[in-house]
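Peer 1: Return atomic coordinates for the entry below.
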Amino acid sequence: MIDPTKVLIRPIVTEKTERLKTENNQYVFEVARKCNKIDVKRAVEQAFRVKVDKVRVMNYYGKPKRMGIFQGRRSEWKKAIVTLKPGQKIESLER
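Peer 2: So this is what the prediction gives:
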């Protein structure tokens, strides 16, 4: 079995994700970069005891940043939008 704490890093809570949650029953998470849609689906179902309908994932690449003469990059990360089946919701992420 897959450990959900290794896949799901944190929920992303913004105005846009709150609108997705109320209108479309979708929840947004930052997930591990090496996981795929199947891993995310299993982790959400296991961690929150809900039924997942669909998962969409997006890769975000780190932007280059400067501080004077020093150059660096922001971290690269992956975001997953999880659509739950009708009638399901994650109680711990509700406000």
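Peer 1: Could you use CA atoms for every contact and neighbour count after this?
Peer 2: Will do.
Peer 1: Contacts for stretch 19-31 next, please.
Peer 2: Outside stretch 19-31, the residues within contact range by C-alpha atoms under 8 Å, 6 or more residues apart in numbering are 7-13, 17, 40, 77-86, 89.
Peer 1: Low-confidence ranges, the protein, go.
Peer 2: Scanning the chain for pLDDT under 70 picks out 1, 95.
Peer 1: redo that, cut-off 90
Peer 2: Across the chain, the ranges flagged by pLDDT under 90 are 1-5, 91-95.
Peer 1: Out of the contacts of stretch 19-31, which end up buried?
Peer 2: The neighbour count (16 or more other C-alpha atoms under 10 Å) marks 7-8, 12, 17, 40, 78-84, 89 as buried among those.
Peer 1: what two of those are the furthest from one another?
Peer 2: Taking C-alpha to C-alpha as the measure, these span a maximum distance of 22.5 Å, between Lys78 and Lys89.
Peer 1: Glu18: neighbouring residues, count only.
Peer 2: Glu18 has 19 neighbouring residues, counting by other C-alpha atoms under 10 Å.
Peer 1: Can you name the element that comes right after whichever strand or helix holds it?
Peer 2: For Glu18, the host element (DSSP states H and E) is helix 15-24. Using DSSP H and E, the helix or strand that follows helix 15-24 towards the C-terminus is strand 26-31.
Peer 1: what angle sits between that next one and helix 15-24?
Peer 2: Angular relation of strand 26-31 and helix 15-24 on a 0 to 180 degree scale: 140 degrees, by axes from the mean of the first three to the mean of the last three C-alpha atoms, to 10 degrees.
Peer 1: hang on, the earlier thing: only C-alpha atoms, please: export the helix holding Glu18 in PDB.
Peer 2: Backbone C-alpha positions of helix 15-24 (Å, rounded to 0.1, in the frame of the first residue of the first chain) are rendered in PDB as follows:
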ATOM      1  CA  GLU A  15      -9.900  32.000  -3.200                       C
ATOM      2  CA  LYS A  16      -9.800  30.100  -6.400                       C
ATOM      3  CA  THR A  17      -9.600  26.700  -4.700                       C
ATOM      4  CA  GLU A  18     -12.400  27.600  -2.400                       C
ATOM      5  CA  ARG A  19     -14.600  28.400  -5.400                       C
ATOM      6  CA  LEU A  20     -13.600  25.100  -7.000                       C
ATOM      7  CA  LYS A  21     -14.600  23.300  -3.800                       C
ATOM      8  CA  THR A  22     -18.000  24.900  -3.500                       C
ATOM      9  CA  GLU A  23     -19.000  24.900  -7.200                       C
ATOM     10  CA  ASN A  24     -17.400  21.700  -8.600                       C
END
